[in-house]
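J.: Sequence first, then the predicted structure:
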Amino acid sequence: MRHRSRWAITVTAVAGLVGLPTAASAAPVERETARSSTGYDVSHPQCGADLPDDAAFAVVGVNGGLATRTNPCLARQLEWGAGSSGEVPGQPPLQLYLNTANPGQVRDQVVTWPADGETPYGDCDGTNSMACSWQYGWERARTSVQWFFRPAARSVPLASRPEHYTWWLDVETMNTWQQGSDDARARNRAALEGMTEYLTERDGRVGVYSTGYQWGRIVGEVPEDSNLADLDSWLAGADERADARKRCAEDPLVPGGRVVMVQWVEDDLDHNHACRGGTARG
């Protein structure tokens, strides 16, 4: 969710017009409708930027581009996001996203790779294994949630527990992932499962954000018994608002899931379109 040659989403609802308005009167109504139904997502690239005052909902990045960093503008952006109108049914006014990664293939170059831990894949022993990948994801989610809830990270009153929020896992190829085999993709999946476990065991609502192409490269097929199955999908990659609407009909990233939002970039800002019937599940 950084501004480069990357993807984006937008939230837009189509409001019916009463009667047969003239062309001159129809344009202002359409502009007002777009303003009231559009969501935005922001994070560290928008530090110091003027943020829109017409957000129907907002998704704020907790991390500073990497799973091991915090967003230096988190407090200000949370204050902004908390002021969203909540005009789109089913879309919480303030949502969050976490950066994700799995540096197991270069674990000797990082200090955050776990040395131990009990996981659904057995005990982590510090090696590049499914167990340690799961543990890595669990620890990254724990750290990010702690950053979000620490008192210094916010300047407005916010709900104090994870279950009050939707947490999106941002899966992009520009972060560090294992690669080169189906086993590598399975370990990447395990890292996301660890993050999901940390959040869901605290009753947080979890979804996944990516493009189909990037998800395929990083994660691949998700088994139906994975805790990633049935999660909502937030798709990136639309070119404009109309394209975002169409992409609501695309396949979700995981089996049993639903596409609930689609993103596009406009004026160097991520916009988000909420898909009809895409109410976030709690």
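T.: Looks like it arrived, so ask away.

J.: Would you mind pulling up the elements that the helix or strand that residue 169 is a member of packs against?
T.: Using DSSP states H and E, residue 169 falls within strand 166-170. Secondary-structure packing of strand 166-170 (3 or more CB pairs under 8 Å, 6 or more residues apart in numbering; DSSP states H and E): strand 94-99, helix 182-200, strand 205-210. For the C-beta atoms, the positions are set from N, CA and C on the backbone; glycine is no exception.

J.: Parallel or antiparallel, which strands does it pair with?
T.: Under the criterion DSSP bridges, strand 166-170 sits next to strand 94-99 (parallel), strand 205-210 (parallel) in its sheet.

J.: give the contact list for the closest residue to residue 92 other than its chain neighbours.
T.: Residue nearest to residue 92 in three dimensions, not counting chain neighbours: residue 166, with 5.7 Å by CB to CB, 6 or more residues apart in numbering. Applying CB atoms under 8 Å, 6 or more residues apart in numbering to residue 166 gives the contacts 92, 95-96, 204-207, 280.

J.: Grab the two from these that are most spread out in space.
T.: Spanning the widest gap among the contacts of residue 166 are 92 and 206, at 13.2 Å by CB to CB.

J.: More neighbours: which of these two?
T.: Of the pair residue 92 and residue 206, residue 206 is the one with more neighbours under other CB atoms under 10 Å, namely 24 against 19.

J.: Name whatever forms a beta bridge with the more buried one.
T.: residue 167.

J.: how far away is residue 186 from residue 228?
T.: 12 Å (CB to CB, to the nearest Å).

J.: Show me which of the two is the more surrounded one.
T.: Between residue 186 and residue 228, counted using other CB under 10 Å, the more crowded position is residue 228 (23 against 17).

J.: Who's the closest spatial neighbour of residue 42, skipping the chain neighbours?
T.: Distances taken as CB to CB, 6+ apart place residue 77 nearest to residue 42, at 5.5 Å, with adjacent residues excluded.

J.: Sorry, wrong one. I was asking about residue 41.
T.: Spatial nearest neighbour of residue 41, chain neighbours left out: residue 59 (3.8 Å); criterion: CB to CB, 6+ apart.

J.: where does the closest residue to residue 55 other than its chain neighbours fall, helix, sheet strand or coil?
T.: Of all residues not flanking residue 55 in the chain, residue 84 sits nearest, at 4.3 Å (CB to CB, 6+ apart). Secondary structure, DSSP: H, G, I helix; E, B strand; the rest coil: residue 84 is coil.

J.: ok, how many other residues are close to residue 84?
T.: By other CB under 10 Å, the burial measure for residue 84, its neighbour count, is 23.

J.: From what I see, it and residue 94 are in contact.
T.: Yes: at 6.3 Å, residue 84 counts as touching residue 94 under the criterion of CB atoms under 8 Å.

J.: Go ahead and flag the most central residue of this protein.
T.: For the chain, residue 168 is the residue whose C-alpha lies nearest the centre (CA atoms, centre = their mean; 3.1 Å).

J.: and it, what does it touch?
T.: Residue 168 sits next to 59, 95-98, 206-209, 234 when contact means CB under 8 Å, 6+ apart.

J.: The closest residue to it other than its chain neighbours and residue 249: what is the separation?
T.: Take residue 168 and drop its neighbours on the chain: the residue closest to it by CB to CB, 6+ apart is residue 97, 4.0 Å away. Distance, residue 97 to residue 249, using CB to CB: 23 Å.

J.: Give me the more crowded residue out of those two.
T.: Set side by side, residue 97 and residue 249 show more neighbours around residue 97, with 23 against 9, by other CB under 10 Å.

J.: Which strand residues bridge that one?
T.: Beta-bridge partners, per DSSP bridges, of residue 97: residue 61, residue 168.

J.: my guess is it contacts residue 65, does it?
T.: No: the pair residue 97 and residue 65 fails to qualify as a contact (CB under 8 Å) at a distance of 11.7 Å.

J.: Thank you kindly, that will do.
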